[in-house]
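Q: Predicted model follows, preceded by the sequence.
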Amino acid sequence: RFTDWAEDPDCWIDAEEKRTLTMMARESVRHYASQGEILASAEWRRSLNNNRPQTCIKLIHSERLTNPFEQADTQHLRAGVELGNRGQAVAYHIRCAHPGDVDLALDAYLWKRVKRRKPWGRLQILHVFEPERPDQTRGINVFVSTLRNLKMLEQFQDATLQNAIVNAMYAAVIQSEFDSQTVLQALGGGESEAQHMLKNYLTQVQGFHQSSSNIRYNGARIPHLFPNEKLELKTAKSNPYFENFEDTLLRHIAASLNISFEQLSRDFSKTNYSSARASMLESWKFFLSVRHIIPARFCQQIYALWLEEM
């Protein structure tokens, strides 16, 4: 009965009617991987629909769990969680819309207080996270420990890209031993006639190149330059330290996320089978622990809600 309800193709378990329990578990794990917690509410359909269970689950973005009107934390209100005398969560203050929707809906300026349980004990808010210290009320983003490395990697990649673009903008440069003022004086011009004299100078250079003969050697053309000109070809140079520096940062980021470097970078060219297998086994231990703690508890709470209705 539970499987028929949880895996119904009509997604009756989902308040939005677009996910099965398996899809909700996968989405909750992805959300936990980025936000460090899972937040959902137990809803009740107030209509009869083919004798199906009326319980449904509404997934909530954890960024909507905040203090009303962004007020500061207090002893009994921390990051949107209202605490009791023993430090237990008694209610949750949930923003009616995501903070990023302030320009799309007025609900982003409204909050709703939802008690954690009904008077008879039925769970209304499903808030799952793994506490790392006493009195912790919210989950910690797993990327917090590696934010500095992520910012360094982004800046280094941007700087390398800008350098490559600048190098690729100029294919050749013609150098002259005289500056523009000296050239103008040599041609008998003053500052008031700078543009006119510069035009005359460029006209002479152009006429020289058009009238000069093409010298060839073994089929290759050898240009004859104007006096005081020097032709220097430019080639786009890559940063020789980019790959090593990027790999170093990716290894630090992978260690912070408890995954292997190969999984993060999708690059298996720098490892052998034994090393890759060892790193995958270490990552698999971490995945198993997360699966037993996070989605298992989340699904267990959903099963308890369904079982109470039955």
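A: Arrived safely.

Q: Residue ranges in the stretch 1-150 of the chain under the pLDDT threshold?
A: Along the stretch 1-150 of the chain, segments meeting pLDDT under 70 span 48-50, 102-105.

Q: Tell me where it has strands.
A: Remark: strands assigned in the stretch 1-150 of the chain by DSSP state E, counting those that start in this stretch are 38-44, 55-59, 77-78, 81-83, 89-95, 111-115, 125-128.

Q: looking at those strands, which is closest to Phe268?
A: strand 38-44 (31.7 Å; C-beta to C-beta). In this view, the C-beta of every residue, glycine as well, is placed from N, C-alpha and C.

Q: Quick one: distance of the longest helix seen in the chain to the chain centre.
A: Scanning the chain for the helix with the most residues, using DSSP state H, yields helix 147-169. How far helix 147-169 lies from its chain's middle: 16 Å, per C-alpha atoms, centre = their mean, to the nearest Å.

Q: thinking again about what came up before, any chance of CSV for the strands of the stretch 1-150 of the chain, columns mean neighbour count and distance to Ser28?
A: As requested, those are exported to CSV (neighbours: other C-beta atoms under 10 Å; distance: least, C-beta to C-beta, whole Å):
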stretch, mean neighbour count, distance to Ser28
strand 38-44, 20, 5
strand 55-59, 19, 7
strand 77-78, 18, 23
strand 81-83, 20, 18
strand 89-95, 20, 17
strand 111-115, 14, 18
strand 125-128, 21, 8
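
Q: Which residues does stretch 18-35 contact?
A: When contacts are defined by C-beta atoms under 8 Å, 6 or more residues apart in numbering, stretch 18-35 is touched by residues 6-9, 11, 13-14, 37-38, 40, 57, 59, 61-63, 128-129, 139, 141-143, 290-291, 294-295, 298-299, 302.

Q: Just the CA trace of it, in PDB.
A: Presented in PDB, the C-alpha positions along stretch 18-35 are these (Å, rounded to 0.1, in the frame of the first residue of the first chain):
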ATOM      1  CA  LYS A  18       5.400  16.100 -10.000                       C
ATOM      2  CA  ARG A  19       7.700  13.800  -7.900                       C
ATOM      3  CA  THR A  20       7.500  10.300  -6.600                       C
ATOM      4  CA  LEU A  21       9.100   9.400  -3.300                       C
ATOM      5  CA  THR A  22      12.300   8.200  -5.100                       C
ATOM      6  CA  MET A  23      12.500  11.600  -7.000                       C
ATOM      7  CA  MET A  24      11.900  13.500  -3.800                       C
ATOM      8  CA  ALA A  25      14.600  11.500  -2.000                       C
ATOM      9  CA  ARG A  26      17.100  12.200  -4.800                       C
ATOM     10  CA  GLU A  27      16.200  15.900  -4.800                       C
ATOM     11  CA  SER A  28      16.500  16.200  -1.000                       C
ATOM     12  CA  VAL A  29      20.000  14.600  -1.200                       C
ATOM     13  CA  ARG A  30      21.000  17.100  -3.800                       C
ATOM     14  CA  HIS A  31      19.600  19.900  -1.700                       C
ATOM     15  CA  TYR A  32      21.400  18.600   1.400                       C
ATOM     16  CA  ALA A  33      24.700  18.400  -0.600                       C
ATOM     17  CA  SER A  34      24.500  22.200  -1.300                       C
ATOM     18  CA  GLN A  35      22.600  23.500   1.800                       C
END
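
Q: Throw the strands of the stretch 1-150 of the chain into JSON lines and include distance to Asn244, thanks.
A: Listed next are those as JSON lines, based on distance: least, C-beta to C-beta, whole Å:
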{"stretch": "strand 38-44", "distance to Asn244": "38"}
{"stretch": "strand 55-59", "distance to Asn244": "42"}
{"stretch": "strand 77-78", "distance to Asn244": "43"}
{"stretch": "strand 81-83", "distance to Asn244": "45"}
{"stretch": "strand 89-95", "distance to Asn244": "44"}
{"stretch": "strand 111-115", "distance to Asn244": "49"}
{"stretch": "strand 125-128", "distance to Asn244": "40"}
